[in-house]
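> got a predicted model here, sequence first, then my questions.
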Amino acid sequence: MAHRQNATAALPATLSKNAGKVGYRRINIFEKLPWLKRICKWRSFQFLLVFPNLVFFYFFLIAGIFGSPVGNRNIIIIFVWILWWFLLITFMVPFLSRIWCVVCPFPFFGEWFQRRALIGVRTGKTVGLHNKMYGLNKRWPKSLSNIWLQNIGFLAMCTFSALLLTRPIVSVIALGGLFVIATILAMIYRQRAFCLYICPVSGFQGLYAMTSMIALRSVDPQICQKECKTKNCLTGSEKGWACPWYQYMGKMDRNNYCGLCMECVKSCPNDNIGLFARPFCADTQIKGYDESWKAFIMLALASVYSVTLLGPWGTVKDWANISETGNWKGFLVYAGIIWFTALVAIPALWALASWLGKRLSGTDSVPAKALFLRYSYVLVPLGLLAWIAFSFPLIMVNGSYIISIASDPMGWGWNLFGTAHFPWTPFFPEYTVYVQIPLLLFGLWFSLKRGYDIAKTLYPNTTQAARSLIPVGVLCTAFTVFFLRLFTG
C-alpha cells in the first residue's frame, strides 16, 4: 500500500503536487506528554492492549454459540453491534484515528505466526526487511492492491445486517470467519495483507480516519528523506518490526493506512516520530476511485439504515429482516436498492455534479474526472456525521440492554452485578432529534468548508473555485435535507 502515498489517480501532473495541501497547526502530543511516548516505546505496548481484547472476543464467540439465541439477550449482539459500533463511529475514529487497529484481535494469530514472537523482535533478512519473518511471505497481487475487496465485503456484510443484529450464531460465523481469513492470509502474504486489503472494518476506518484529530507523522520529513539511510520505519530494526502497513514515515501524509501500532516510534533511529493533535478533517486527499466509492458506499448505507431502522415504513423493515419474514423476493428488492444506490446512483449523481462544476468554472484546466475524485472527499465529513447522527438514537433507545446483559451475558439467568433485571428503558428518546440536527448541520458545514479548501488547490482563481463547487454543494445539501427530514419526521 506504500504506492498509495504518492498516487493521485485522475489528477493532472500540474495539480498533483498541490493535492490535499490544506495548512493547519499541529501539537506534538509526545512532547507535551513524554510519559505517553515512553509507553508507546515499550515492546509490550500493543500486546498488553490486544490480549485482553482477544479474551473478550473469545468470550463473545462462546456466548454466541452457547448463549441465548435471542439477540437482545446475548452479549455478542449488544456489546459488538450496539456498544462497540457506537464507540467506534462516534469517538474512536473521529478523535483517535485507527486506534481500534491497535487493539483489534483479528490479526493476532496470523501476526504471531509471521513473527513467532508476541513481544520481542527478530532480526534477520526477509524480502528486503531487517526482521526475520516466517510463512511464505508472498507479495499481495498488484491488481488487488486497493480497497475494492473491502468495499464489496463491507457492502455484502451490511446487506445481511438484520441477521447480524438478531442472530448470535450469524455474528459468530462472521467474526470467527474474519479470524480464520486473517490467519490464513498471514501465512501466505507479507505482513498485514488482511488489514490492508480484506478487512471490511478497515476500509471505512481508513476513510473516516482522515477526519481524526490525531495523527502519527514524522516530526521533520526532511530528516527521513535526506538524513535517514536505513528507513527503519519501513524495513524494521532490532528495536521494532517493519511497518505492518507498508508505510514510510518520510512521505506518509494521511491517516488512511496507519494502524498506530507504534513500531516506527520504536525503530526510528532519529527519534523523529510524533503523535500530533490537529484540527478536524485535516487530511483532505482522496487518492483513488476505490476510496471515492467507499465514501459513496458509506453514505448510501447510512441512508438505507436510517430508512430501515428509524423510518416508519414497515414494508422496508420486513424486506430487510429476512430471518423473520422469509420474504426472499422482498429481501432481493432491498438488497438491490442498497447495491444500486451505493455503486451506481450516488456515483452517477456525483459524476453529473462534477461535470456541471467543470462547466460552471468556465475553464478546462481541471477535468471533470479530477473534480469527481477530489470532491468526493466532501462526503467524508458529511458521511461520518450522518453515521454518528444515526448511531445516537440506537444507543439511547437500546443502551439499557447493556446494563442488563453485563450481569447476564449468556442469557442464562445469571445476575453477576445485580443488574440483570434492569428493564428496557430508552434514555431520553425525545431529545435525540436535538442531537441529530446539529450533527448533520455541522457535517454539511465542514463538507462545504473543506470542499472550498480543495477547490482553491485546483483553481488559482477563487471565483472559478467557488463556481466549480456549487453543484457538489447543492448535492451535499440535498443529502443533508434528506437526513433531516427522515430524523425529524
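Sure thing, it's come through. Numbers count the residues shown, from 1 in each chain.
> does the residue nearest to the spatial centre of the chain lie in a helix or a strand, and which?
By CA atoms, centre = their mean, the chain has its centre lying nearest to Q205, at 0.9 Å. Using DSSP states H and E, Q205 sits within helix 200-208.
> that helix packs against which elements?
With contacts taken as 3 or more CB pairs under 8 Å, 6 or more residues apart in numbering; DSSP states H and E, helix 200-208 sits against helix 93-96, helix 99-103, helix 148-159, helix 289-305, helix 379-407. No exception for glycine: its C-beta is placed from N, CA and C like everyone else's.
> want to try CSV for those, with mean neighbour count, mean pLDDT and distance to L458 as columns?
Output for these, formatted as CSV (neighbours: other CB atoms under 10 Å; pLDDT from 0 to 100; distance: least, CB to CB, whole Å):
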stretch, mean neighbour count, mean pLDDT, distance to L458
helix 93-96, 19, 97, 26
helix 99-103, 20, 96, 32
helix 148-159, 19, 95, 26
helix 289-305, 23, 96, 16
helix 379-407, 22, 94, 17
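> need those helices in TSV with distance to L49, can you?
Formatted as TSV, the helices and strands packed on helix 200-208 follow (distance: least, CB to CB, whole Å):
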stretch	distance to L49
helix 93-96	13
helix 99-103	5
helix 148-159	23
helix 289-305	27
helix 379-407	21
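> and of the ones you listed, who's closest to T166?
helix 379-407 (12.5 Å; CB to CB).
> state the next helix or strand along the chain beyond the closest one.
Criterion used, DSSP H and E; the element after helix 379-407 is helix 432-458.
> ok and the helix holding Q205 relative to helix 379-407, angle-wise?
Here helix 200-208 runs at an angle of 130 degrees relative to helix 379-407 (axes from the mean of the first three to the mean of the last three CA atoms, to 10 degrees).
> can you pull out the helices in the stretch 101-250 of the chain?
108-115, 148-159, 161-166, 168-188, 193, 200-208, 221-222, 232-235 (DSSP state H, counting those that start in this stretch).
> sorry, back to before: what sits against the nearest residue to the residue nearest to the centre of the chain once chain neighbours are set aside?
Closest residue in space to Q205, ignoring its immediate chain neighbours: R98 at 5.2 Å, by CB to CB, 6 or more residues apart in numbering. By CB atoms under 8 Å, 6 or more residues apart in numbering, the contact list for R98 reads Q205, G206, A209, S212, N255, C258, G259, L260.
> so who does the fourth one touch?
Neighbouring residues of S212 by CB under 8 Å, 6+ apart: V93, P94, F95, L96, S97, R98, N255.
> equivalent analysis for the first one, please.
When contacts are counted by CB under 8 Å, 6+ apart, Q205 touches L88, V93, R98, W100, C101.
> try it again at 10 Å.
Contact analysis of Q205 by CB atoms under 10 Å, 6 or more residues apart in numbering lists 88-89, 92-93, 97-101, 104, 150, 195, 199, 212, 255-256, 259.
> cool, and the fifth one?
Shown in contact with N255 (CB under 10 Å, 6+ apart): 93, 97-98, 205-212, 214-217, 278, 282-283.
> relative to L96, how far out is it?
Distance of N255 to L96, given as CB to CB, to the nearest Å: 10 Å.
> shared neighbours, those two?
Joint contacts of N255 and L96 (CB under 10 Å, 6+ apart) are A209, S212, I214.
> which residues are in contact with the first one?
For A209, the contacting residues are 92-94, 96-101, 202, 215, 254-260, 283, 380, by CB under 10 Å, 6+ apart.
> could you verify that G259 is part of a helix?
No: the assignment for G259, made by DSSP: H, G, I helix; E, B strand; the rest coil, is coil rather than a helix.
> give me phi/psi at it?
phi -90, psi 10 (degrees, to the nearest 10).
> surely it touches C104?
Yes: counting by CB atoms under 10 Å, G259 does reach C104; the two are 8.4 Å apart.
> which neighbours do those two share?
R98, C195, S202, Q205.
> ok, so of those, who is nearest T488?
For those, the nearest to T488 is Q205 (29.5 Å; CB to CB).
> any idea how far S161 is from that closest one?
18 Å.
> cool, K456 as well?
39 Å.
> need phi/psi at the closest residue to Y334 other than its chain neighbours.
Leaving aside its sequence neighbours, Y334 sits nearest to W319 (CB to CB, 6+ apart; 3.8 Å). With angles defined as degrees, to the nearest 10, W319 sits at phi -60, psi -40.
> much appreciated, bye for now.
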